[in-house]
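S.K.: sharing a model prediction with you, sequence too.
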Number of protein chains: 2
Amino acid sequence: MDIIRQRIQDFFSTPPEGQKVEVLGWVRSVRESKQVAFLHLSDGSTTAPLQVVVDKTREELASCLETLRTGASVRVVGTLRPSPGTKQPVEIHAEALTVLGPAPEDYPLQKKRHSFEFLREIAHLRPRTNTIGAVMRVRNTLAWEIHRFFQERGFLYVHTPIITTGDAEGAGALFRVTTLPPDAPYDPTEDFFGAPAFLTVSGQLEAEAYALAFVNVYTFGPTFRAENSHTPRHLAEFWMVEPEMAFCDLEGDMHLAEEFITHLLEAVLERHPEEMAFFEQWIAPGLTDQLEAVVNTPFTHMTYTEVIEHLKKAPASFTFPPEWGMDLQTEHERYLTEELVKGPVIVTDYPKEIKAFYMKQNPDGRTVRAMDVLVPRLGEIIGGSQREDDYERLLARMQELGMRIEAYQWYLDLRRYGGAPHAGFGLGFDRLVQYVTGMQNIRDVIPFPRTPGNAAF
Amino acid sequence: MDIIRQRIQDFFSTPPEGQKVEVLGWVRSVRESKQVAFLHLSDGSTTAPLQVVVDKTREELASCLETLRTGASVRVVGTLRPSPGTKQPVEIHAEALTVLGPAPEDYPLQKKRHSFEFLREIAHLRPRTNTIGAVMRVRNTLAWEIHRFFQERGFLYVHTPIITTGDAEGAGALFRVTTLPPDAPYDPTEDFFGAPAFLTVSGQLEAEAYALAFVNVYTFGPTFRAENSHTPRHLAEFWMVEPEMAFCDLEGDMHLAEEFITHLLEAVLERHPEEMAFFEQWIAPGLTDQLEAVVNTPFTHMTYTEVIEHLKKAPASFTFPPEWGMDLQTEHERYLTEELVKGPVIVTDYPKEIKAFYMKQNPDGRTVRAMDVLVPRLGEIIGGSQREDDYERLLARMQELGMRIEAYQWYLDLRRYGGAPHAGFGLGFDRLVQYVTGMQNIRDVIPFPRTPGNAAF
C-alpha cells in the first residue's frame, strides 16, 4: 500500500480513506496526558493545525516525544481518522514519528500571542505564526489573481526598469544607485551607468511605450520612495500594479478599475474563508462584511468639484476645511465613502495643480482627466488617469512645471509617432493586502519590510 | 447590428461572420494602386499584420489616406472577408477609416530591416517591430507559465526584498543604494537605512526562511549585478525565478527542475507557433527542433567527477584543459550537451570550492550537493542545490570563508529552529527568454536593458 503524502490543507478538504498518510510540518504545540500526546502540526497550507494523536504506550513513539518541542520539524506517518473533538474533520493517529529538526527551549515562537513589533524583529520566523501565515497566503492569492485577471483579458506583462537615469516624475524622494566608492569625489560620468541613476518610483511612463505597441499591458514590480515616513501605511520598497491601455479613455479606465477590484475581493472571499474568519476574529471585526459590501455595490462616480460641494455642505467638521483646489484628505475620503455614499466612490476631474503632469487636460483649463478609486476604511486604493496624448499640450505643461525636456523626449515622442488616446491606473499592492486582511501596519503584510532605519535580513 | 471590436489575433483565429468589425492599430505599410490601397495593420497581438483593403474611389476614404503613413494609429470599421491572396485567413474591407495619431515622415521605423543596435536606441518604439513584438509575447507567456506552474503545485509566491543591508552572498559586485548627497562625507549611520544598503543579487536566503514555514515557495523578481560585463549574455538588472522547497533533497530538486523546463518549452511551442516560425526564419534556423528535442529527451544525470573524466577522454581540444576542481567552461558544457550526450544534462556534486557556502556538503569532504542543468546551445540554464541544514557544518564553512557571521545569524537560525532538509534552484529569466527565442543579444529580450553606461528611458 502506498503512503500518501499531502499538504495538511488537502487532508482537510479531501481526506484519502483507509490509507496510510505522511505529513511533514512544524509542531505548534504539545499537550500530554499519561497515555496519549496531542501534537498540533502546521505546514503553512492552512490556518488550522492538524492534530496528531500519539500513543505514549508505544515506546518508539514515546522516546521520540522527549526531544520534541514547539517549533520542531517532524515527519509523521499514520492513519487519518474522523476527529469529532476538534474543528477539523480529521486527525492523524501516528504510527511513526521522526524529529527532522529539533527546536531548543529558546525557540522564540512559543504558544502565546506575540506583539507584531516583536515579530518584525524575527521576520525570518514570523511566517510560521497564524497571522503572518494567513496574510501571506492571501497575499499570494492576490498576486496570482492580478496576473490571472490581466492574462485572461489579453494584457501583456511588462517588466519595466527598476534602475533609471531618466528624471523621475517627481513623485517623491529618490534612492540613488551607485558603484562609486563612498568617499570618492562624485563624478557621475565615472559611475556605472555614466549618469546619476535612481530606483524607479513608477513603471508607468515605460508602460505607456508598450501600450502604444501591444494595446493592453500591465506592470507588477517593486517601486521605491525614499520618504522619511514612519507611518503604518508607508514602505520605502513596495510592489505596484500598473495597467495601461491604448485606445482607451477615462470611462474605459474606470470600468476596468471597478472590475479589477471586484474580481480581487471576490477571489479572496471565495478562496480564503478560513483566513477571513481568522482576521475577523483576531484582527478586524466586520472585515468580511465590508469587503462583501464593496463587491456588491456599484461604484458611485463623482467629480472632484461635486465632492468639494458635498464636503462643504457636510454636517461633519473637518480638520482641513474643504476648499476647491486642495488635495482630499483621509477625513474627506472617509466621510465620502463611509457617511455620504456608504460605498466605493470614483472621484474624477481633479484640479490639474494637484495631479501629475501627464494627465489629460480638460477643456476647462483647470482640471484633468484623473480618477481615484476610494473605498470605505482605506480611502484611495487606485489612482489613474487618461494620459495627455496631445504633443503640444503635454510639452507646454512640462515647460510650465520647469521639467527637463531632454530627459523626456522619448516620452513626448510617443505623442508624435502614432499616438493614441490611452489611460491607465496604479494600485499599491501592499496597501491592497493590508486592506483585504485588515492588518493595522503595512510592515506586517510584506515579508521583509524596508522602512527608514531598517533593511535588515 | 453591433460592431464587433476585437484584437487582430482573435479575428484570425475566430473570425466573426457577416458582421461589421472594428480594428484599432498601427499602420505597418501602405501600398497603393489607382483604385485600391492596401494597409498592413498591427496591434501587437500577432506576428502577421491584418490587411485592410481601402476603396480609393470613395472620397471620404481616399482623403483619409493622404495623412496616413507608416506608424500612424488608425481606427478601421468594415467587413471581414476571406483573404485568398495573403497568408492570413481574412482581410478587412474598410467602410470607415480614421487616423487617430498621425506619424510624420521622420518616423524611425520605416518598412525595412533595422539593426538591433539601432533599435536599442529607440527602445520606446522597438516593441512595434516584428522581432521585438514576437519576443515580448513569448516573454509574457513564459512569465505567466512560471506563475501557473508553481501556483498549480501549491507554491507560495514570495516577494523577497530588493534593498538589503545584510551582506550579500558574494555572488558579484553590488550596487549601493543611498539617499545621502553625493558629495557629503559618507556616514552610513546617517543614510536612509542607517547602514550601507545594496541591491539584492538573489532572493534565495530569504526564500529559505519562507520555505521553512510554507514548505514550497518561489520568488520571481529583479536582481542585480554591478559587473562591468559587455557581453551579449549579461545585464546589470535582470529577473530571476527561485523556487525553494522544504522536506526536499537534491533528487526532488532535479525532478522539479526538469519538469519546470519541459513545461515552459512545451507551453511556448504550443501557444506560439507563429512566433516560433518567425524566429526560425529570421533569427535562429533549427530553433524549434532544438527546443522540441529538449522537451522529448529525458535529462541525463552525471556527477561533476564523471564529467571531468569524460572531458579528459574527449576527442575535442579545449582552450581550458579539463582538470578536477575547475569551473566548467562554455566549451565543456557544449561538448557535453551537443557532442557527448546530445541532450540536456544535469551535473551534480561539484567541488565545494567553486560553489556557494550554503550548499550541502557531501560526506567525501570535497564536493557539495549542487546541480546545474545544462542544455545544448546555451549551457547552464538552471543552477541549484540542496542547502546545508546542519548548523555546525554551515557555521564552520562560513568561518572558513571568512564571512561576517553576525550578518547571517538569522540565516543560521533557520538551522537551529525546526530546520529541515531543503533545496531549490535559480533560473535567470531573461536568459531563458533569450534561449527560447534564439536572440543573439540579451539586451533585445528585456524591454529597457540596463548595462554598463546605459540606463536610459
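M.R.: Perfect, I can see it now.

S.K.: domain parsing for chain A?
M.R.: Residue ranges of the domains in chain A are recorded as A:4-101, A:126-163+A:206-444, according to automatic domain parsing.

S.K.: starting at the chain centroid, how far to the first one?
M.R.: I take that to be domain A:4-101. Relative to its parent chain, domain A:4-101 has a centroid offset of 33 Å by CA atoms, centre = their mean, to the nearest Å.

S.K.: ok, now stretch A:306-323?
M.R.: For stretch A:306-323, the distance to the chain centre is 31 Å (CA atoms, centre = their mean).

S.K.: which outside residues touch that stretch?
M.R.: By CB atoms under 8 Å, 6 or more residues apart in numbering or on different chains, the surrounding residues in contact with stretch A:306-323 are A:302, A:324, A:326, A:328-329, A:331-332, A:335-336, A:339-340, A:347. From N, CA and C alone the C-beta is placed, and that goes for glycine too.

S.K.: from these, which land in helices?
M.R.: A:331-332 (DSSP state H).

S.K.: mind putting the contacts of stretch A:306-323 into a markdown table with pLDDT?
M.R.: Listed next are the contacts of stretch A:306-323 as a markdown table, based on pLDDT from 0 to 100:
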| residue | pLDDT |
| --- | --- |
| A:M302 | 98 |
| A:W324 | 98 |
| A:M326 | 97 |
| A:L328 | 96 |
| A:Q329 | 95 |
| A:E331 | 94 |
| A:H332 | 96 |
| A:Y335 | 96 |
| A:L336 | 97 |
| A:E339 | 95 |
| A:L340 | 96 |
| A:V347 | 98 |
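
S.K.: okay, and which of the contacts of stretch A:306-323 map to strands?
M.R.: A:302, A:347 (DSSP state E).

S.K.: most tightly packed of the domains of chain A?
M.R.: Ranked by mean neighbour count under mean count of other CB atoms under 10 Å in any protein chain shown, the domains of chain A are led by domain A:126-163+A:206-444, which reaches a mean of 19.

S.K.: start and end of that domain, how far apart?
M.R.: Start and end residues of domain A:126-163+A:206-444 are separated by 10 Å (CA to CA, to the nearest Å).

S.K.: go on, stretch A:32-46?
M.R.: The first residue of stretch A:32-46 is 24 Å away from its last residue (CA to CA).

S.K.: want to throw the contacts of stretch A:306-323 into TSV with distance to B:A173?
M.R.: Shown next, in TSV, are the contacts of stretch A:306-323 (distance: CB to CB, whole Å):
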residue	distance to B:A173
A:M302	52
A:W324	53
A:M326	47
A:L328	45
A:Q329	45
A:E331	49
A:H332	49
A:Y335	52
A:L336	51
A:E339	56
A:L340	56
A:V347	47
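
S.K.: of the contacts of stretch A:306-323, which pair is most distant in space?
M.R.: With CB to CB as the measure, no two of the contacts of stretch A:306-323 lie farther apart than A:W324 and A:E339, at 20.4 Å.

S.K.: wait, A:P16 sits on A:T79?
M.R.: No. Contact criterion CB atoms under 8 Å: A:P16 and A:T79 do not qualify, at 10.0 Å.

S.K.: residue ranges with poor pLDDT in the stretch 1-150 of chain A?
M.R.: Scanning the stretch 1-150 of chain A for pLDDT under 70 picks out A:1, A:86.

S.K.: what do you get if the cut-off is 90, keeping everything else the same?
M.R.: A:1-3, A:14-19, A:66-67, A:82-89, A:110-113 (pLDDT under 90).

S.K.: one more: the stretch 151-300 of chain A?
M.R.: For the stretch 151-300 of chain A, the ranges with pLDDT under 90 are A:165-173, A:181-186.

S.K.: got the residue ranges for the helices in it?
M.R.: A:204-214, A:250-271, A:273-282, A:287-296 (DSSP state H, counting those that start in this stretch).

S.K.: and those helices: which comes nearest chain B?
M.R.: Closest to chain B of the helices of the stretch 151-300 of chain A, according to CB to the nearest CB: helix A:204-214, at 3.5 Å.

S.K.: who does the closest one touch, helix- and strand-wise?
M.R.: strand A:216-224, strand A:237-246, helix A:409-413, strand A:422-428, helix B:130-152 (3 or more CB pairs under 8 Å, 6 or more residues apart in numbering or on different chains; DSSP states H and E).

S.K.: quick one: the longest one to chain centroid distance?
M.R.: Its chain's average C-alpha position is 8 Å from that of helix B:130-152, according to CA atoms, centre = their mean.

S.K.: which parts of the stretch 351-457 of chain A sit against chain B?
M.R.: A:389, A:410-411, A:413-421, A:446-448, A:450, A:452-457 (CB under 8 Å from any CB of the partner chain).

S.K.: next step: those restricted to strands.
M.R.: Among these, no member falls in strands (DSSP E).

S.K.: which residues touch stretch A:106-125?
M.R.: A:28-29, A:69-71, A:126, A:128-129, A:131-132, A:440-441, A:443-444, A:447-449, A:456-457, B:206, B:209, B:213, B:410-411, B:413-414, B:417-418.

S.K.: measure that stretch end to end?
M.R.: 13 Å.

S.K.: buried stuff in it?
M.R.: A:107-109, A:116, A:119-120, A:122-125 (16 or more other CB atoms under 10 Å in any protein chain shown).

S.K.: related to what we said a few turns ago, of all the helices and strands packed on helix A:204-214, which one is nearest B:G85?
M.R.: With CB to CB as the yardstick, what comes closest out of the helices and strands packed on helix A:204-214 is helix B:130-152 (19.9 Å).

S.K.: so what pairs up with A:T451 in the strands?
M.R.: Beta-bridge partners for A:T451, by DSSP bridges, are A:N454.

S.K.: got a list of what it touches?
M.R.: Contacts of A:T451 by CB under 8 Å, 6+ apart are A:230, A:234-236, A:443.

S.K.: and which of those is nearest to B:H159?
M.R.: Nearest to B:H159, judged by CB to CB, of those is A:L235 at 11.0 Å.

S.K.: quick one: whichever residue of the stretch 301-450 of chain A sits closest to chain B from A:R397, how far?
M.R.: Chain B sits closest to A:G419 of the stretch 301-450 of chain A, with a gap of 3.6 Å, by CB to the nearest CB. Counting by CB to CB, to the nearest Å, the separation of A:G419 from A:R397 is 15 Å.

S.K.: got it, and A:G71?
M.R.: Counting by CB to CB - A:G71 and A:R397 are separated by 59 Å.

S.K.: cool, A:E117 as well?
M.R.: Counting by CB to CB, the gap from A:E117 to A:R397 is 45 Å.

S.K.: and A:E91, by the same measure?
M.R.: A:E91 sits at a distance of 66 Å from A:R397 (criterion: CB to CB).

S.K.: also A:V268?
M.R.: 39 Å.

S.K.: likewise for A:T79?
M.R.: From A:T79 to A:R397 the distance is 71 Å (CB to CB).

S.K.: ditto for A:M245
M.R.: Distance, A:M245 to A:R397, by CB to CB: 22 Å.

S.K.: for A:H255, same thing?
M.R.: Distance of A:H255 to A:R397, given as CB to CB: 26 Å.

S.K.: go on, A:H114?
M.R.: Applying CB to CB to A:H114 and A:R397 gives a distance of 51 Å.

S.K.: where does A:A37 fall, helix, sheet strand or coil?
M.R.: strand (DSSP: H, G, I helix; E, B strand; the rest coil).

S.K.: now the spatially closest residue to it that is not a sequence neighbour: phi and psi?
M.R.: Nearest residue to A:A37 in three dimensions, chain neighbours excluded: A:V54, at 4.2 Å (CB to CB, 6 or more residues apart in numbering or on different chains). Per-residue torsions, A:V54: phi -120, psi 120 (degrees, to the nearest 10).

S.K.: stretch A:360-369: end-to-end distance?
M.R.: End to end - CA to CA - stretch A:360-369 spans 5 Å.
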